[in-house]
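Participant: Let me see the structure of the following:
(chains A and B, ligands or ions: 1)
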Amino acid sequence: MGKPRTIIEKIWRAHAIHENDRGETLLFVDRHYLEEASVFAFEDLRQAKRPVRRPDLTYAVADHLVPTRGRPAGPSDPELSDVLARMRRYTSESGVEMYDQDDPRQGIIHVIAPELGLSLPGAVIACGDSHTATHGALGALALSIGASEATHVLATQSLWQSAQPTLRLTVEGALPPGTVAKDLMLTIIARIGNAGAVGHIVEYAGSAIRGLSMEGRMTLCNMSAEAGARAGLIAPDQTTFDYVAARPHAPKGDAWRAALAHWRELPSDEGAAFDKEIRLDAGDVAPRVTWGTSPEESAPVDGHVPALDEAADADQQQRLQAALDYMGLEPGMAVSGIKVDRVFIGSCTNSRIEDLRAAAEVAASGKAVIPVMVVPGSGSVKRQAEAEGLDRIFLSAGFEWLDAGCSMCVGMNGDRVAPGQRCASTSNRNFVGRQGPGARTHLMSPAMAAGAALHGRITDIRKG
Amino acid sequence: MQRFEKLTAPAAPIDEKNIDTDQLAPARFLMNSRADGYAQYLFHDRRFDAEGKEKTDFILNQAPFRAARIVVADDNFGSGSSREHAVWALVDYGIRAVIAPSFGPILFVNSLKNGLLPLVIDAEIAADLRRQLHAAPGSEIAIDLERQEVTGPDGARHIFEIAPAHRHRLLEGLDDIDLTLAHADKITEFEKRHAASCGWLF
Ligand code: SF4
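Facilitator: As a prediction, this is how the structure comes out:
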């Protein structure tokens, strides 16, 4: 028996190609995902006249720029369609598969890669997008990289990484009724702060995490970046294996059995040491809503926006005031009852089938009084929702039922929140201007967002 | 990549924590061509109003701070997205170093790839530097990467920590891909081993 190791060390060691004398490891990348912003990485590569080393391990997708209405025509903005055209050309010339705007498998990369069985336990995954940690839900080490790093991966199928400190975040207990993974993650971020996991690779562990579905685990891992983490993952278990089995790209037959044997060895050994440990209890999680301009600025729906005298010092008071001014809120006001102008249900955080079911369950009980966009995370989620009749529930509640993509999460395709408008959103970032200049974002779960749609106000869905 | 050795230049204080990448480079500009540079997008929505006129209250629009080549910030600078545009905007504007108690992890890495020094320093020291810059707008900070030393406007010297690999890369202005391809045979060997031991991945 060797020294007990964490799942992170196990994956790391299994991918180490080389270590230099400055403490950096060259890690092999099993899967490299490209979205439209990777077009710059591709252009740098071509400028340097270098080939893509492993086109067979590289996958591209159109998700940020595609329109949610009027598919498959593509973006009406010529600049955006030019980006897609360039991406199309580069991928086809180098033999990289691209899930284009008219492909039935298309969707947000963090939704489709797990769905297609591309993201697997124990793999090292890299993507030039900050929510790559989503794939950690499968027990993969999924790293968010920048454009220069993406160029490097294209050219070498590897990534230099300095040893990263590890953090185990253990959540015990069961989530109370009416709460979901989104509420748990917003609670975690509120407790540990935006920078609470800064620079760390996080393993989420404990009975509350184990109790989550794969969709819930993806929501949780997705927001690792919002806690400052470099990556976040969950050890694979039966829930993971059941999810992965029979996915189009998942191993089959003997390969499946070999994979399972490997995956069962992945969980952190008893006694493995993490650089930091945090323990939380799931029992007091409530439906949670952000009130500010940073994901840590949230409160339970039955709570209130902080009063100015709750700030620790003058600096903090000033920051609080600035956030509230931007958000158009009064210090100390109740969260429940805040009037909203529109609702966005979608994004790589909450656009999977389970999210849509939760939203539809609420939508079934009324009619929207404000505009609502429901944007499924992938074509496949959309088809499944339609097979279950969720589209009819949304449509008869007056919700708009749209085509898959990032949409209003970031507004790059033109789906934007107007200046000064308040949006109840199931996405992951409430930064100033995130959903459009002057947009005011309140992050919450899909059921809570649907509740806001029916009342035109933030509403505690537990109260019916 | 531009090398970073020593720099003595005017610095601008940015007092808020959690300056995110959406502020550094708003998403709607992310598909714009790199040929024209990203300087005009840096802090775009804080620098300019809806008509494109400069907002006078933003620090980089105030005369003594316009020429800043160094930014002194607070915790979690550059948190948020992986967009390297945030770093391109800083670099194209002329910023060569950001001094802060902590950085968003991806921005930190992206900075190193673009010759921008992300200098981590104690929160107290960063706060003190910002105070000095407010008190004497336009004053300079000196950074010596070789010696890992930063000198404030008051002449006080502070030693800072930086990982040897990061320091080396900035000092040499190295192209990562060339460095890595020197190990091309190791990658090929690894690929063979990996395909044998984890065939189910491929
Ligand atoms: S849905 Fe939002 S957070 Fe997710 S990849 Fe798209 S833009 Fe990024």
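Participant: quick one: is the helix or strand containing residue B:91 near chain A?
Facilitator: Per DSSP states H and E, residue B:91 falls inside helix B:85-93. Yes - part of helix B:85-93 sits near chain A under the criterion Cβ under 8 Å from any Cβ of the partner chain, namely residue B:87. Glycine gets a C-beta too; all of them are placed from N, C-alpha and C.
Participant: The very next helix or strand once past that helix and chain A, are they touching?
Facilitator: For helix B:85-93, the succeeding helix or strand toward the C-terminus, using DSSP H and E, is strand B:97-100. No - using Cβ under 8 Å from any Cβ, strand B:97-100 stays clear of chain A, coming no nearer than 10.9 Å.
Participant: Output the very next helix or strand once past strand B:97-100 as CSV, nothing but the C-alphas.
Facilitator: Going down the chain from strand B:97-100, the next helix or strand is helix B:105-113, by DSSP H and E. This file holds the C-alpha atoms of helix B:105-113, laid out as CSV (Å, rounded to 0.1, in the frame of the first residue of the first chain):
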residue,chain,number,x,y,z
PRO,B,105,-7.0,31.9,-11.4
ILE,B,106,-7.5,31.9,-15.1
LEU,B,107,-6.7,35.6,-15.5
PHE,B,108,-3.5,34.9,-13.5
VAL,B,109,-2.4,32.2,-16.0
ASN,B,110,-3.5,34.3,-19.0
SER,B,111,-1.4,37.2,-17.8
LEU,B,112,1.7,35.1,-17.7
LYS,B,113,1.1,34.1,-21.3
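Participant: just to revisit the earlier point, same for the helix holding residue B:91, what does it pack against?
Facilitator: helix B:21-24, helix B:105-113 (3 or more Cβ pairs under 8 Å, 6 or more residues apart in numbering or on different chains; DSSP states H and E).
Participant: So for the ligand, which of these sits nearest?
Facilitator: helix B:21-24 (10.9 Å; Cβ to the nearest ligand atom).
Participant: Quick one: residues contacting the closest residue in space to residue B:22 that isn't next to it in sequence.
Facilitator: Excluding the flanking residues, the one nearest residue B:22 by Cβ to Cβ, 6 or more residues apart in numbering or on different chains is residue A:431, at 4.3 Å. Shown in contact with residue A:431 (Cβ atoms under 8 Å, 6 or more residues apart in numbering or on different chains): A:293, A:294, A:441, B:20, B:22, B:23, B:80.
Participant: any idea which of those has the most stuff around it?
Facilitator: Sorting the contacts of residue A:431 by how many neighbours each has (other Cβ atoms under 10 Å in any protein chain shown) puts residue A:441 first, at 28 neighbours.
Participant: hmm, back to that, quick one: the residue nearest to residue B:22 is in a helix?
Facilitator: No - counting by DSSP: H, G, I helix; E, B strand; the rest coil, residue A:431 is not part of a helix but coil.
Participant: distance of it from the ligand?
Facilitator: The gap separating residue A:431 from the ligand is 11 Å, by Cβ to the nearest ligand atom, to the nearest Å.
Participant: got a pLDDT number for whichever residue of chain B sits closest to the ligand?
Facilitator: Closest to the ligand within chain B is residue B:81: 7.3 Å, counting by Cβ to the nearest ligand atom. Residue B:81 is assigned 83 on the pLDDT scale.
Participant: what's it in contact with, if anything?
Facilitator: Residue B:81 is in contact with A:129, A:130, A:429, B:20, B:21, B:22, B:106, counting by Cβ under 8 Å, 6+ apart.
Participant: right, and the pair among the contacts of residue A:431 with maximum separation?
Facilitator: Across these, the longest distance by Cβ to Cβ is 14.1 Å; it joins A:441 and B:23.
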